[in-house]
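Trainee: From the sequence below, what's the structure:
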Amino acid sequence: MVPESYRWEFIKQESAGVKQLAAETGYPEVFAGLLAARGVHNKEEAQRFLYPSFLMKGMEAAVCRISQAMDAHEKITIYGDYDVDGITATSILYLYLSKAGAEVDYYLPDRMTEGYGLNENAVRMLAETGTKLMVTVDT
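Mentor: Residues are numbered from 1 along each chain as shown. Presented below is the predicted three-dimensional model:
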């Protein structure tokens, strides 16, 4: 026997709205009822809820700029961070770009002498050594 605390409790939804949502989306009424319980009321809202976009603002422009740099064989430097997620992000992007044929390098600042985040001296040094595009991760 399933304990009472493990049983699903369905919140009753207005049946005409659920029927309308089911008809609009083509989903079964029980699924449309679950969507309605989450505040979804029409096909457009259902699409946004079920297939969200995870692109950050400006991502399309960033992808275009990286593609331009790759096409022009510009040096791209990934400016990361020295903590676990910074090194991981740097590694993932470095591996991807290098396998895609980019001229890519990376830079991880020294914790003791450069501190956190971007620093002007490092950015200047990267520009002086040929970096045309700098992509920051975890900064």
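
Trainee: just the helices in the protein please.
Mentor: Along the chain, counting by DSSP state H, helices occupy 15-25, 29-37, 43-50, 59-71, 84-99, 111-114, 120-128.

Trainee: burial measure for Asp138, as a count.
Mentor: Per other CB atoms under 10 Å, the neighbour tally for Asp138 reads 16. Any C-beta I mention is one placed from the backbone N, CA and C, and that applies to glycine too.

Trainee: if I look at it, how far off is Met125?
Mentor: When CB to CB, to the nearest Å is applied, the distance between Asp138 and Met125 equals 20 Å.

Trainee: Could you do Ser5 as well?
Mentor: In terms of CB to CB, Ser5 sits 60 Å off from Met125.

Trainee: try Tyr107
Mentor: Distance from Tyr107 to Met125, by CB to CB: 9 Å.

Trainee: Looking at the two, which one has more neighbours?
Mentor: Per other CB under 10 Å, whichever of Tyr107 and Met125 has more neighbours is Tyr107, with 18 against 12.

Trainee: Can you tell me the closest non-neighbouring residue to the more buried one?
Mentor: In this structure, Tyr107 finds its nearest non-sequential neighbour in Tyr79, 5.1 Å apart by CB to CB, 6 or more residues apart in numbering.

Trainee: hmm, who's touching stretch 127-139?
Mentor: 62, 65-66, 69, 72, 74-81, 83, 85-86, 89-90, 93, 105, 117-118, 123, 126 (CB atoms under 8 Å, 6 or more residues apart in numbering).

Trainee: can you list the weak-confidence ranges in this protein?
Mentor: Applying pLDDT under 70 to the chain flags the ranges 1-2, 10-13.

Trainee: how does it look with 80?
Mentor: 1-14, 53-55, 139 (pLDDT under 80).

Trainee: count of neighbours near Leu108?
Mentor: With other CB under 10 Å as criterion, Leu108 counts 16.

Trainee: And it, how close does it get to Asn119?
Mentor: In terms of CB to CB, Leu108 sits 12 Å off from Asn119.

Trainee: same thing with Ala46?
Mentor: For Ala46 relative to Asn119 (CB to CB), the value is 47 Å.
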